[in-house]
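In: the sequence and its predicted three-dimensional model are supplied below.
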Amino acid sequence: MSSTGSLAEKPIFIGGLWRSGTSLMRAIIASHPQIAIIEYDLKLWTLLYHHSLLQNWRDPATAQRITERVLRQKKIRKMTVQLDRAAIVAQVAQHAQPDHGVVVAAVLRDYATQVGRLRWGLKTPLNEFATEQIFAAYPGAKMIHMLRDLRDVVTSRAKRFENAAILETYALWKRSVQLGQRYQALYPDRYIVVRYEDLTADPEAVIRRVCAVIECDFLPEMLTMGRFSRSPSANTGFGDVAHHQVTNVAVGRFVQHLPPVEIAFFQSLAAQNGYPAVDVDLTLTERARLFSLRARAALDDVQRRVIMLLGAGQPVFELLKTNQRFLWIARYLRRTWRVRAA
């Protein structure tokens, strides 16, 4: 195990699609007495980072402005833990060339200080899309990537958020899986993909593996999530999962709740990644809709590849809708050219 000083410089990030068990993992990891992870999703790397890309960090006022923007976020202001604004600003000011990573670290490190913990972390769905940026900012950072059966992800999203975007979820899950495979191979000692189904089937074995990667001692009380956790672990729209409980009751729920045509559409991708397919009988009308969904998904995939080519290789551009992507890409490139010309 690393020394206390070095562990403080190894923040823990939790990513994965919405409804994939990220809240459960946060509750487990934040139950360790040395680790502090804010109970809210903060889009510091999946959204605010885009804004930071457009800033001129050579201007001393930029760091102050971005720091204030982070601290003004609604979810930070509603926290019961009060952050020390002056200490955060002073910490950022200590850096000769502050950047987005410095600001984020100052805010989350102060949160850890306020709750008496050594290490800080951040749980936000889709964090895995910013892995390269996060690892560049924090050489000791760790990433826990939650992965869940795509069919159950869609079922849970549809229950909690009506009209959940089918094609958006399909594309993001597909890309999330690809990123998980890539980064776990590139950074075996810093990145771990955890399947929700494995976690609920054998919590202790899975969390022991996670602890080995993030470099913390496994403690049995982490699995009860009650002693140190500051927020509920269950985040379900079905209301049948008790807080502070690791259970597999939500595994395979799609069979009873997802329309047959959507099961057929999603499981063609899920089956390619180790999730067993189920038999589905489709009417002629449903087969026509399935064909349409597959054609649109293929078109969206081509569009994403074009966007990535235009997006200066920034994976986080994938998280924006099409019209937003083009706008941000144009502004990002314009700002980059200006800074280089200065």
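Out: Perfect, thanks for sending it.

In: which residues touch His32?
Out: For His32, the contacting residues are 216-217, 219, 222, 228, by C-beta atoms under 8 Å, 6 or more residues apart in numbering. (Glycine included, C-beta is placed from N, CA and C.)

In: from Pro33, how far off is the residue lying closest to Gln82 once chain neighbours are set aside?
Out: Using C-beta to C-beta, 6 or more residues apart in numbering and skipping the chain neighbours, the partner closest in space to Gln82 is Gln114 (7.0 Å). As judged by C-beta to C-beta, to the nearest Å, Gln114 and Pro33 stand 15 Å apart.

In: could you list the low-confidence segments of the chain?
Out: 1-5, 159-164, 227-244, 307-342 (pLDDT under 70).

In: so Thr67 makes contact with Val107?
Out: Yes: counting by C-beta atoms under 8 Å, Thr67 sits close enough to Val107 to count as a contact (7.4 Å).

In: could you tell me which residues touch both of those two?
Out: Joint contacts of Thr67 and Val107 (C-beta under 8 Å, 6+ apart) are Ile88.

In: before we move on, the earlier item: for the contacts of His32, work out which two are farthest apart.
Out: Farthest-apart pair in those is Asp217 and Phe228; separation 13.4 Å (C-beta to C-beta).

In: more crowded one of the two?
Out: Phe228 (20 against 10; other C-beta atoms under 10 Å).

In: which residues in this structure form strands?
Out: 12-16, 35-37, 119-123, 142-147, 191-195 (DSSP state E).

In: show me what contacts Leu219?
Out: Taking C-beta under 8 Å, 6+ apart as the test, what Leu219 contacts is 31-33.

In: quick check: it vs Ile29, distance?
Out: Counting by C-beta to C-beta - Leu219 and Ile29 are separated by 11 Å.

In: now the closest residue to Pro220 other than its chain neighbours: how far from Pro139?
Out: Residue nearest to Pro220 in three dimensions, not counting chain neighbours: Glu204, with 7.7 Å by C-beta to C-beta, 6+ apart. From Glu204 over to Pro139 the distance is 30 Å, taken as C-beta to C-beta.
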